[in-house]
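> fold the following, please.
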Amino acid sequence: MVRIRGRIAILIALLTAALACQLVPTARPEPTSTPAPTVPPPPTQTTAPTIAPEPTLTAPAAAGLGRVNIYLVAMGDNGATGRYIGCGDSLVPVEISITPTLGVLRAAINELLKLEGEQVYGESGLYNALYLSSLTLDDVAVVNGEAVIAFSGTLIYGGECDIPRIEEQLKALALQFSTVDRVSITVNGTLLETLLDLRG
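Below is the predicted model:
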């Protein structure tokens, strides 16, 4: 009898312990939130990029060039201040202001022709081999790199050395421009070289 009671007591104790385990809530770990991945901020530029402005044409550039060269002779200079052209002379460029124009070759020729009757250019001492001549520009065109220039009037030179001077003064007017690589000049329909040929 005692043994039975002892066993019953043990069973009761076991049941009580089992029930106690079921009734006590098990502590569940709090769900840990995994930190969101950190995204690095976009790199900051210390200096703003420089944007070149759109090129704009100023009024003179849109209308054409406003300066050209005419060519005169430094006599006896032997190439010291310009290009040697014979007879001990140099061909010297002189920059002239003009009304801005696209017809820069025509403008350069007319600026030289304005010196008719002037043997020496201002106080420069430069010689104008065309001072005895009376020429009018009839036509000028640039075709496939060749400047074709037509004059009318009278061409007069003062001596043998004026021949290369006149030829170089006129041809240099056209050759100063990058679009020209050769020049053909006529006076009253005759080639300049023929008029200046002493053998003719």
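> from here on, just use CA atoms for contacts and neighbour counts.
Fine.
> worst-scoring helix or strand of the chain, pLDDT-wise?
Across the helices and strands of the chain, mean confidence by mean pLDDT, DSSP states H and E is lowest for helix 59-63: a mean of 38.
> ok, then the element right after it?
The first helix or strand that comes after helix 59-63 along the chain, using DSSP states H and E, is strand 65-74.
> other SSEs contacting the helix or strand following that following strand?
Counting by DSSP H and E, the next helix or strand C-terminal to strand 65-74 is strand 83-86. Contacts defined by 3 or more CA pairs under 8 Å, 6 or more residues apart in numbering; DSSP states H and E place strand 83-86 against strand 89-101, helix 162-175.
> please redo it, this time with the cut-off set to 7 Å
strand 89-101 (3 or more CA pairs under 7 Å, 6 or more residues apart in numbering; DSSP states H and E).
> got a list of contacts for the next helix or strand after the strand it packs on?
From strand 89-101 onward toward the C-terminus, using DSSP H and E, the following helix or strand is helix 104-113. Contacts of helix 104-113 with the rest of the structure, by CA atoms under 7 Å, 6 or more residues apart in numbering, involve L65, V68, N69, I70, L135, V140, L173, A174.
> what lines up beside the next helix or strand along the chain from helix 104-113 in the sheet?
Per DSSP H and E, the first helix or strand lying C-terminal to helix 104-113 is strand 120-121. Strand 120-121 has its sheet partners listed here by DSSP bridges as strand 126-127 (antiparallel).
> so what strands line up beside the helix or strand following the strand it pairs with?
Following strand 126-127 in sequence order, the next helix or strand is strand 134-143 (DSSP H and E). Sheet pairing for strand 134-143, assigned by DSSP bridges, gives strand 146-154 (antiparallel).
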